[in-house]
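Student: Coordinates for the following, if possible.
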Amino acid sequence: MIYPTRRAVAVTALGAPIALAAGLAQPNLWVVGAAWVLGAGLLMLADAWLAPSPGRLTLDLVAPASLGVGVEGEGWVEAAFTGSASPKVQVAVGADARLGVEPRRQTLRLQGGAGRGRLRLIPRRRGEAVFERLWARWRGPLGLAWVQREDALDRRAAITPDIQGVRDQALRLFTRDAAFGMKAQIETGEGSDFNSLKEFTTGMDTRSIDWKQTSRHAKLIGKEYRTERNHHVVLAIDSGRLMCAPLGDAPRVDRAINAALLLAFVSLKLGDRVRLFAFDAKPRIASGATAGAQAFPLLQRLAASIDYTTEETNFTLGLTTLAGGLDRRALVVVFTDFADPTSAELMIENVARLLRTHLVMFVVFRDEAMEALVAREPHTPDDVSRAVIAGSLLKQRHLVTSRLQRLGARIVDAPVDQLPIMLVNNYLDAKRRDLL
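Tutor: Presented below is the predicted three-dimensional model:
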């Protein structure tokens, strides 16, 4: 694409007073104005012809594959000419609304025909951000014409909820003492997998005594076990309308993904296999079983692709599809919410089917704002109405979780800021008790 610069417009406009003065002095000289405009146009075309060709420019965008909401990233835009080059090139990057790019436009000074510009990448909303366009333009040697090139991009970056926060929490869990004074990674001493034989000491379970080895060595020999590995952990995230409602300063689904990623990181580190499943009106994501810490970036990208929606959750279709894809006993962690007795009843019915074969952990998002309405001292009739409605909703939630507990589900109920840690501790407790 070729178009005039400000200098070309100014030069062309300069011909107007000259043509007017010539026409007033001699009417036959009105053609001076037309000749001036034509000459300026020819000069602009010549300038564009003398400028480096767009085909000799190589444009590239370097950006990370994943970013965390609230954590700025860094990218680079690179431009290089083959052969003769312009001394300066203006570049601009276009991205969708999920990602802010600053500066939107910058000038690269080329050395040896190549230049590089830094970009600040500002994640604004979870999802899959798309770098859509890359523009570059440069002027000819006369400064009268812009030569512009536009490249369509399909570069994507997964934007997930605060990955750095997930990593920090995971590292704290894998230190010697985890949150709440609990040792997070207990390899030996508990579990069901045989590890080794050792001399029986005070405090060991008498059921671990190996009587054959005891008679052979003429002293008490006990079996030491280790935590079993290779369990299947399924993270089932409801991404329907209710889960997109805010809870504090973030939507419920974002908080669910944050907790799910932390649990996935810990599970992969402990040798278990992790699946990710997301559903609303229909199943949206159903990954295979992943193993090893190197699989965590894949789960990050899949979690980032869970979008916000206004559709109602279909528990029957979602959980039935999930159950049909499981060929062995697994820990199924369900992140969901409900607002009325009908949806709660459908949810309980389908969770009950899962409980026949699998261990189900149900994550409850405690609404502290609702609890505050109930606890607040009323001063007006409106305060009383709010408290009654809030109390009714909390009672209904309690009835649902009580029914799930009676069916055999494990309930994770904690304040929002403690929910990820409580979820991991419940998972570790289930492993120690050999419930998986």
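
Student: number of nearby residues for the closest residue to Val424 other than its chain neighbours?
Tutor: Among residues not flanking Val424 along the chain, Val266 sits closest, at 5.3 Å (CB to CB, 6 or more residues apart in numbering). (Glycine included, C-beta is placed from N, CA and C.) If you count neighbours by other CB atoms under 10 Å, Val266 ends up with 25.

Student: Val266 against Tyr427, yeah?
Tutor: Yes. If you go by CB atoms under 8 Å, Val266 and Tyr427 touch, sitting 7.0 Å apart.

Student: hang on, the earlier thing: separation between the residue nearest to Val424 and Thr290?
Tutor: Counting by CB to CB, to the nearest Å, the separation of Val266 from Thr290 is 14 Å.

Student: Asp254 and Ala97: what is the separation?
Tutor: The separation that Asp254 has from Ala97, given CB to CB, amounts to 16 Å.

Student: Those two - which one has more neighbours?
Tutor: Ranked by neighbour count (other CB under 10 Å), Asp254 and Ala97 place Asp254 first, with 23 against 10.

Student: what sits against the more buried one?
Tutor: Neighbouring residues of Asp254 by CB atoms under 8 Å, 6 or more residues apart in numbering: Val69, Arg126, Pro161.

Student: Show me the shaky parts of the stretch 151-300 of the chain.
Tutor: For the stretch 151-300 of the chain, applying pLDDT under 70 flags the ranges 162-196, 200, 202-205, 225-229.

Student: Strands of that one, residue ranges please.
Tutor: In the stretch 151-300 of the chain, the segments counted as strands under DSSP state E, counting those that start in this stretch are 188-199, 221-226, 232-238, 246-247, 250-251, 273-279, 283-286, 290-291.

Student: How far does the third one sit from its chain's centre?
Tutor: Meaning strand 232-238. Distance of strand 232-238 from the chain centroid (CA atoms, centre = their mean, to the nearest Å) equals 16 Å.

Student: Show me how the chain divides into domains.
Tutor: 1-160, 163-169+228-432, 199-226 (automatic domain parsing).

Student: Would you mind finding the most buried of those?
Tutor: A comparison of the domains of the chain by mean neighbour count, using mean count of other CB atoms under 10 Å, puts domain 163-169+228-432 on top with a mean of 18.

Student: That one: how far from the chain's middle?
Tutor: Worked out by CA atoms, centre = their mean, domain 163-169+228-432 lies 17 Å from the chain centre.

Student: just use 16 as the starting number from now, easier for me
Tutor: Taking 16 as the first residue, the last one we looked at is domain 178-184+243-447.

Student: as a whole number, average confidence for the helix or strand hosting Val439?
Tutor: Using DSSP states H and E, Val439 falls within helix 434-447. Helix 434-447 shows an average pLDDT of 88 in the prediction.

Student: Could you export that helix as PDB, CA atoms only?
Tutor: The C-alpha coordinates for helix 434-447 follow below in PDB (Å, rounded to 0.1, in the frame of the first residue of the first chain):
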ATOM      1  CA  LEU A 434      -9.500 -22.700  48.800                       C
ATOM      2  CA  PRO A 435      -6.600 -23.800  46.600                       C
ATOM      3  CA  ILE A 436      -4.500 -24.900  49.600                       C
ATOM      4  CA  MET A 437      -7.500 -26.600  51.200                       C
ATOM      5  CA  LEU A 438      -8.200 -28.500  48.000                       C
ATOM      6  CA  VAL A 439      -4.600 -29.700  47.800                       C
ATOM      7  CA  ASN A 440      -4.600 -30.800  51.400                       C
ATOM      8  CA  ASN A 441      -7.800 -32.800  50.900                       C
ATOM      9  CA  TYR A 442      -6.200 -34.500  47.900                       C
ATOM     10  CA  LEU A 443      -3.100 -35.400  49.900                       C
ATOM     11  CA  ASP A 444      -5.300 -36.700  52.700                       C
ATOM     12  CA  ALA A 445      -7.200 -38.900  50.200                       C
ATOM     13  CA  LYS A 446      -3.900 -40.300  49.000                       C
ATOM     14  CA  ARG A 447      -2.700 -41.000  52.500                       C
END
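
Student: between that helix and strand 247-253, how big is the angle?
Tutor: 150 degrees (axes from the mean of the first three to the mean of the last three CA atoms, to 10 degrees).

Student: If anything else comes up later, I'll come back, but that's it for now.
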